[in-house]
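>>> give the three-dimensional model of this entry:
(one chain, ligands or ions: 1)
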Amino acid sequence: MAPIARLDPAARAALPGILPGWSLIEGRDAIRRGFRFRDFSEAFGFMARVALLAEKHDHHPEWSNVWNRVEITLTTHDAGGLSERDVALARAIDALLGEGGG
Ligand SMILES: C[C@H](O)[C@H](O)[C@H]1CNC2=NC(N)=NC(=O)C2=N1
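Numbers count the residues shown, from 1 in each chain. The predicted structure is shown next:
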C-alpha cells in the first residue's frame, strides 16, 4: 500500500480557509473542533453518524464526549501527522451539520 503523504506547507496554509471551524493543535500535527448540542441524545446521534462516516472513510477520530459536547481531533496515525484524509473527514463531518457546502 502506498504511504500516506502528510500535507505540504501550501495545503497546511490553506486549512483555515477550507475548514474554518477547525483549529490546528499547538505542538501536535492535528486539527480539532468542538461541537455543542441540545442534549446528550443529540450529541450521541451526531457521534453515531460520524462513526459511520469514519468507517466509510476508513479514517477514525480521536474524540471525547461530555453530555452535550463532543470534541473531535483528527490526525493520520499512519502518516505521523495531518494528511488529506483528515481534511476529507473534517469536510464530511461539517457537511453532516449542513456546513461547508462542498
Ligand atoms: C488499516 C487501516 O486502514 C488503518 O489503520 C487506518 C484506520 N483508521 C485510521 N484513522 C486515523 N485517524 N489514522 C490512521 O492512520 C488510520 N488508519
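>>> how about the residue of the chain found nearest the ligand: what's its closest non-neighbour residue?
Distances between the chain and the ligand by C-beta to the nearest ligand atom are smallest at Asp78, namely 3.3 Å. Every C-beta, even on glycine, is put in place using the N, C-alpha and C of the backbone. The spatial neighbour of Asp78 that comes closest, neighbours along the chain excluded (C-beta to C-beta, 6 or more residues apart in numbering), is Ile4 at 5.3 Å.
>>> contacting residues for that neighbour?
Going by C-beta atoms under 8 Å, 6 or more residues apart in numbering, Ile4 touches Thr76, Asp78, Ala79, Ser83, Arg85.
>>> how close does it get to Leu52?
22 Å (C-beta to C-beta, to the nearest Å).
>>> one more: Trp22?
Applying C-beta to C-beta, the value for Trp22 to Leu52 is 20 Å.
>>> what does Pro61 give?
12 Å.
>>> then Pro20?
Between Pro20 and Leu52 the computed distance is 24 Å (C-beta to C-beta).
>>> hmm, back to that, of Trp22 and Leu52, who's got more company?
Trp22 (23 against 11; other C-beta atoms under 10 Å).
>>> ok, the more buried one touching Ala30?
No. With contacts counted by C-beta atoms under 8 Å, Trp22 stays clear of Ala30, the gap being 9.8 Å.
>>> what parts of the protein come near the ligand?
Asp58, His59, His60, Thr76, His77, Asp78 (C-beta under 6 Å from any ligand atom).
>>> what is the burial count for the first one?
Right, the one you point to is Asp58. Asp58: 8 surrounding residues under other C-beta under 10 Å.
>>> again, but for the last one
For Asp78, the count of nearby residues is 10 (other C-beta under 10 Å).
>>> poorly predicted segments of the protein, please.
Scanning the chain for pLDDT under 70 picks out the ranges 1, 101-102.
>>> what's the longest helix in it?
Ranked by residue count, the top helix of the chain under DSSP state H comes out as helix 40-57.
>>> partner strands of the following helix or strand past that helix and their direction?
Following helix 40-57 in sequence order, the next helix or strand is strand 62-66 (DSSP states H and E). Strand pairing for strand 62-66, determined by DSSP bridges: strand 69-74 (antiparallel).
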